[in-house]
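Enquirer: I need the structure of the sequence given here:
(one chain, ligands or ions: 1)
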Amino acid sequence: MSQPLVVLVFSGKRKSGKDYVTDLLQKRFGEINCSIMRLSAPLKSQYAKDHNLDYEKLLDASDYKEKYRKDMIRWGEEQRLQDPGYFCRLTTSGEDSKKPVWIISDARRKPDIEYFKMNHSQVTRTIRVEAEDSIRIKRGFVFTEGVDDAESECGLDENINWDYIIDNNGDEEQLNKSLKPIIEYVENQLKS
Ligand SMILES: Nc1ncnc2c1ncn2[C@@H]1O[C@H](COP(=O)(O)OP(=O)(O)OP(=O)(O)O)[C@@H](O)[C@H]1O
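Expert: The predicted model follows:
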């Protein structure tokens, strides 16, 4: 397993700006140093491998994808039940994991956070991106039953002691102020 110098684990509601903020940080640290990894990425590729399916066809909006969608979700839950760190391990086992700064852009459940705290305890920092509902709606958020009230969207809404909270309501100065301590932490780690 690669040993990063920093692991930044991000969470936030839909359209809070996780991708926007993590892209900003990656640019700041440089792509040579920093990789963005998505825990949701290996679900389809690993499901396709395990079931001998055509991965490309699972990505597009075909009947093929619809046919396997439910089973893929069921399979993902089954893997998580057997091994809560399954997707965290898969996500961080590729070439990108050789870079010193890892940004995990989409933690959704408590075990996601526990995995990184357990395996990279000294260097993991947890970050919540926050934006008002009205701002999220302006960015295209539409409440969807079965999605926005499911564990995958609400699992980290409460009872987490975030190391950093980012105010991403559209005020650039406020955003920069929230990012400053994170940037300082990472730059210090890179110097060490
Ligand atoms: N601070 C900001 N300034 C300007 N635009 C922003 C800002 N934050 C987010 N946005 C824009 O809002 C939209 C949603 O942001 P983004 O895709 O980063 O959210 P997300 O939390 O990753 O959403 P999802 O969970 O749905 O993937 C994007 O078009 C993004 O460019």
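
Enquirer: Next secondary structure after the worst-scoring helix or strand of the chain on mean pLDDT?
Expert: For the chain, the helix or strand with the lowest mean confidence is helix 55-59, at a mean of 86 (criterion: mean pLDDT, DSSP states H and E). Under the assignment DSSP states H and E, the closest C-terminal helix or strand after helix 55-59 is helix 63-82.

Enquirer: So which elements touch that next one?
Expert: helix 42-50, helix 55-59, helix 86-91 (3 or more CB pairs under 8 Å, 6 or more residues apart in numbering; DSSP states H and E). For glycine as for every other residue, the C-beta is placed from the backbone atoms N, C-alpha and C.

Enquirer: quick one, phi psi at Phe141?
Expert: With angles defined as degrees, to the nearest 10, Phe141 sits at phi -70, psi 130.

Enquirer: how near is it to Ser35?
Expert: Distance, Phe141 to Ser35, by CB to CB, to the nearest Å: 27 Å.

Enquirer: what's the answer for Asn52, then?
Expert: From Asn52 to Ser35 the distance is 29 Å (CB to CB).

Enquirer: okay, these two: which has more neighbours?
Expert: Ser35 (21 against 6; other CB atoms under 10 Å).

Enquirer: Checking the more buried one next. Helix, strand or coil?
Expert: Classification of Ser35 by DSSP: H, G, I helix; E, B strand; the rest coil places it in strand.

Enquirer: picking that back up, most tightly surrounded among the helices and strands packed on helix 63-82?
Expert: Comparing the helices and strands packed on helix 63-82 by mean neighbour count (mean count of other CB atoms under 10 Å), helix 86-91 ranks first with a mean of 20.

Enquirer: So which bits of the next helix or strand after that one are buried?
Expert: Downstream of helix 86-91, the next assigned helix or strand under DSSP H and E is strand 101-104. Buried residues in strand 101-104, counted by 16 or more other CB atoms under 10 Å: Val101, Trp102, Ile103, Ile104.

Enquirer: Which elements pack onto strand 101-104?
Expert: Applying 3+ CB pairs under 8 Å, 6+ apart, we find strand 101-104 packed against strand 6-12, helix 18-29, strand 34-37, helix 172-191.

Enquirer: average model confidence for that strand?
Expert: Averaging pLDDT along strand 101-104 gives 98.

Enquirer: Spatially, what comes nearest to Pro84 if we skip its sequence neighbours?
Expert: Once flanking residues are discounted, Pro84 sits nearest to Pro111: 3.6 Å by CB to CB, 6 or more residues apart in numbering.

Enquirer: Quote the end-to-end distance of stretch 132-152.
Expert: This stretch, stretch 132-152, spans 19 Å end to end (CA to CA, to the nearest Å).

Enquirer: Cheers, nothing more for now.
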